[in-house]
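A.B. asks: the sequence and its predicted three-dimensional model are supplied below.
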Amino acid sequence: MRPERIEELLRTKPVDEPNRAARPILDVVATRAVRSAKVRPAAIAGGLAWTTVVIVAAVAVMIGAIVLRAGPAGPSPLPTGTEAAPSVAFGVIPWIDASPAPSPTPEPTPDAATLPACAVEGLALVAGGWEGATGSMAGGADLINVSPNPCRLWSPAGAQLADATGTVIARLDPAIAAGGSGAGFVGISPGGDVTGTLVWTNWCGEAPKLPLMLTVYFTDGPEETVSIDSSSLTAVVDSSKGGSGVPRCDEPGAGSGVGSISFSAPEPSSGGYQPEPCTAASLVAFSGGWGAAAGSSYAQLVVLNVGGVDCVLPASPVLELRDAHGGLLASAAGEPTAAVDLPANRTALAMMGFSDWCTAPPPMPLTLDLVLGSQSTLQVGHPETDTAAIPLPSCGSAPASSPPNFFYNDAFTVTGMAPPPDPDPGDLLPLMVSISALPTTAPGSVLTYTVTLTNVDSYGKPANLALLCPSYVQRLDLPGADTQLETTHALNCVPAGVLAGGASATFEMHLAIPSTATAGTAGIVWQLGQRGPAAKAVFQIQP
């Protein structure tokens, strides 16, 4: 058989062969086969015949390989009124009826009553300013757990106020017990906080000397009465936020009093505005108790947003360690990370530490500053008044005399909030979605079609579908319906393997059409993951 005849046969489409996307490649294969035959000597007739057989066999093998890899471009639409679903051609990855793997279930929140009682030395108290309330003054108070462990707190707690000289000017009525309808244990996570409101009533004397001091008394159960014999914490009332006001005199000659404080988790942020950068005026910061491990000293660093509105913590603010005279001993700045949106009355947590103190001891006590920007520096406090609680670590690299290794992890984590869900891999894959032509379908039947995913990564990087294995969503718009019908399935990823840059894989899809569907034009949206690439198409529903 002449080579020209081979080329003619290869270009002739059999009657029952569908159009194939690989035909341009076949043209190249046939041309190369012809050129290879023409260089053979014409005198060797038997050799030419044998060469022709080899060429035909080789081309046939290549045709089969191309068909297996490429597959059809997609099933052709059925004639109107045809109820049978189109068959999916060989080479298309078959559909599987599988639900996506469930998201990891978060660990259940422990019952607050089962937690250990909060130790006073592991708590920090923050006292806000006052606001008028029908003749009384209402002030906020926050308790922060600066320990590394969750703990429980009995609420309500008792309270009293003192002026700048330490003279008590308003105290809790001794008849008020720790019980009550709203009483109970409140759990506080490590670095977390709870908030409460204190009401101050009936002030008939001269204005007290500022600043005021708030003392909160704690009990550990309903059987104990709140009294000054309970464990307590004291904090200065912030006079810059209304702390200079006094309540109205409603009962001359009677003493001034305060009620108990009921603590609870802070309310969620109302949002709805663009947060401004956090400043030293909108935050307070505390370090927890220092511990030692493997020659290093560690402690938690907690910041609380007291500004009343959400603010944004800068990416990796600088933490500075200073001596008693303000001299800079060491500083730490982590790798650049994303800024953190810190809601009002919420805390953010980081871990800090340092090691290898090999020089002479500095003037004590040590202090910490958190640098939020060129014009904003926040001093880090400690729940205990003695800031000398910051210890010097031992020297682990003698006789070195370099500054200590001072560090903190470079990302603050907002506490007391559910972590965001893990993103579906399909949301981030650089794939383009295309849907085959959709056949006319009857109510109560199954719509069968194909979806082709093409790797369109700008740098030609491969996408490992078998490893990532995203889910997909089908959203069906029925004629005359107000809502979409949505189903989520797992993609049959393993047969797809690794999709090279520019390569495609075609998947068979099934979608059940409700038996109640009315005739007309329906629409379908096919989406990878939950927010990934998508495509849409329409089809006809006919009885």
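C.D. replies: Alright, I've got the coordinates.

A.B. asks: and the helix or strand encompassing Gly158, what's its mean pLDDT?
C.D. replies: In the assignment (DSSP states H and E), Gly158 maps to strand 158-162. On average, the pLDDT along strand 158-162 is 90.

A.B. asks: which residues does Gly135 contact?
C.D. replies: Each residue near Gly135 by CB atoms under 8 Å, 6 or more residues apart in numbering is listed here: 201, 247-248, 250. Yep, even glycine has a C-beta here, placed from its N, CA and C like the rest.

A.B. asks: can you select the buried ones from these in PyMOL?
C.D. replies: To isolate the buried members of the contacts of Gly135 in PyMOL, using 16 or more other CB atoms under 10 Å:
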select buried, resi 201+247
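
A.B. asks: quick one: which of the contacts of Gly135 sit in strands?
C.D. replies: Thr201 (DSSP state E).

A.B. asks: so Ala500 makes contact with Leu465?
C.D. replies: No. Ala500 is not in contact with Leu465 according to CB atoms under 8 Å; the separation is 11.1 Å.

A.B. asks: next structured bit after the strand holding Gly158?
C.D. replies: Toward the C-terminus from strand 158-162 - assigned by DSSP H and E - lies strand 168-172.

A.B. asks: show me the contact partners of that following strand.
C.D. replies: Contacts for strand 168-172 (CB under 8 Å, 6+ apart): 158-163, 200-201, 203, 205, 208, 212, 217, 226, 228, 255-260.

A.B. asks: can I get the strand holding Gly158 in CSV, CA atoms only?
C.D. replies: Extracted in CSV, the C-alpha atoms of strand 158-162 (Å, rounded to 0.1, in the frame of the first residue of the first chain):
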residue,chain,number,x,y,z
GLY,A,158,-18.1,41.1,95.3
ALA,A,159,-16.5,44.6,94.9
GLN,A,160,-15.6,47.8,96.7
LEU,A,161,-14.2,51.2,95.8
ALA,A,162,-11.4,53.2,97.4
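
A.B. asks: distance from it to the middle of the chain?
C.D. replies: 40 Å (CA atoms, centre = their mean, to the nearest Å).

A.B. asks: who does it touch, helix- and strand-wise?
C.D. replies: With contacts taken as 3 or more CB pairs under 8 Å, 6 or more residues apart in numbering; DSSP states H and E, strand 158-162 sits against strand 168-172, strand 213-218, strand 257-258.

A.B. asks: nearest to Ser136, of those strands?
C.D. replies: strand 257-258 (9.7 Å; CB to CB).

A.B. asks: which SSE is immediately downstream of the closest one?
C.D. replies: From strand 257-258, the next helix or strand downstream (DSSP H and E) is strand 276-277.

A.B. asks: next helix or strand past that next one?
C.D. replies: Taking DSSP H and E, what comes next after strand 276-277 is strand 283-287.

A.B. asks: quick one: that next one to chain centroid distance?
C.D. replies: The chain centroid and the centroid of strand 283-287 are separated by 24 Å under CA atoms, centre = their mean.

A.B. asks: who's in contact with that strand?
C.D. replies: For strand 283-287, contacts defined as CB under 8 Å, 6+ apart pick out 124, 126, 144, 146, 299-307, 311, 352, 368, 370, 372, 378-383, 390.

A.B. asks: sheet partners, orientation included, of the next helix or strand after that strand?
C.D. replies: Note on strand 283-287: by DSSP H and E, the next helix or strand toward the C-terminus is strand 291-293. Next to strand 291-293 in the sheet, as set by DSSP bridges, lie strand 296-305 (antiparallel).

A.B. asks: next SSE after the partner strand?
C.D. replies: Following strand 296-305 toward the C-terminus (DSSP H and E): strand 311-313.

A.B. asks: which elements pack onto that following strand?
C.D. replies: Packing contacts for strand 311-313, counted by 3+ CB pairs under 8 Å, 6+ apart, involve strand 276-277, strand 340-342.

A.B. asks: relative to Gly192, which of those strands is closest?
C.D. replies: Per CB to CB, nearest to Gly192 of those: strand 340-342, 13.2 Å.

A.B. asks: the closest one: what's the following helix or strand?
C.D. replies: By DSSP H and E, the next helix or strand past strand 340-342 is strand 347-355.

A.B. asks: how about that following strand: buried residues?
C.D. replies: 347-350, 352-355.

A.B. asks: who are the neighbours of that strand, in terms of helices and strands?
C.D. replies: strand 296-305, strand 328-332, strand 405-408, strand 413-414.

A.B. asks: quick one on the thing from earlier: neighbour count for Ala500 and Leu465, which is higher?
C.D. replies: Using other CB atoms under 10 Å, the more surrounded residue of Ala500 and Leu465 is Leu465, with 26 against 13.

A.B. asks: next up, the contacts around that one.
C.D. replies: Per CB under 8 Å, 6+ apart, neighbours of Leu465: 453, 491, 493, 496-499, 505.

A.B. asks: and the pLDDT at the residue nearest to it when sequence neighbours are not counted?
C.D. replies: Nearest residue to Leu465, sequence neighbours excluded (CB to CB, 6 or more residues apart in numbering): Ala496, at 4.2 Å. Per-residue pLDDT puts Ala496 at 90.

A.B. asks: closest one of the buried residues of strand 347-355 to Ala280?
C.D. replies: Taking CB to CB as the measure, Ala280 sits nearest to Ala348 out of those, at 14.8 Å.

A.B. asks: who's the closest one bridged to?
C.D. replies: Applying DSSP bridges, one finds that Ala348 bridges with Val303, Val414.

A.B. asks: does it touch Val303 like I think?
C.D. replies: Yes. Applying CB under 8 Å as the test, Ala348 and Val303 come out as touching, 5.2 Å apart.

A.B. asks: who touches both of these two?
C.D. replies: 313, 342, 412.

A.B. asks: from the residues you listed, which is closest to Gly396?
C.D. replies: Phe412 (27.9 Å).

A.B. asks: what's around that closest one, how many residues?
C.D. replies: Other residues close to Phe412 by other CB under 10 Å number 25.

A.B. asks: distance of Thr134 relative to Ile541?
C.D. replies: From Thr134 across to Ile541, the span is 64 Å (CB to CB, to the nearest Å).

A.B. asks: where do the strands sit along the stretch 351-500 of the chain?
C.D. replies: For the stretch 351-500 of the chain, the strands defined by DSSP state E, counting those that start in this stretch occupy 367-373, 376-381, 405-408, 413-414, 431-435, 446-455, 463-464, 471-477, 485-490, 498-499.

A.B. asks: highest average neighbour count across those strands?
C.D. replies: Compared across the strands of the stretch 351-500 of the chain, strand 446-455 shows the largest average neighbour count, a mean of 22 (mean count of other CB atoms under 10 Å).

A.B. asks: walk me through which strands it pairs with, and which way each runs.
C.D. replies: Strand 446-455 has these strand partners (DSSP bridges): strand 431-435 (antiparallel), strand 504-512 (antiparallel).

A.B. asks: now those strands as CSV including distance to Ala534 and mean pLDDT?
C.D. replies: As requested, those are arranged in CSV below (distance: least, CB to CB, whole Å; pLDDT from 0 to 100):
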stretch, distance to Ala534, mean pLDDT
strand 431-435, 6, 95
strand 504-512, 13, 95
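
A.B. asks: now the end-to-end length of stretch 97-117.
C.D. replies: Length of stretch 97-117, first residue to last, CA to CA, to the nearest Å: 50 Å.

A.B. asks: average model confidence for it?
C.D. replies: Stretch 97-117 comes out at a mean pLDDT of 75.

A.B. asks: and the closest residue in space to Ala490 that isn't next to it in sequence, backbone torsions?
C.D. replies: Nearest in space to Ala490, with sequence neighbours left out and distances taken as CB to CB, 6+ apart, is Ala98 at 4.2 Å. The phi and psi torsions at Ala98 (degrees, to the nearest 10) take the values phi -140, psi 130.

A.B. asks: list the residues that contact Ala98.
C.D. replies: For Ala98, the contacting residues are 489-490, 492, by CB under 8 Å, 6+ apart.
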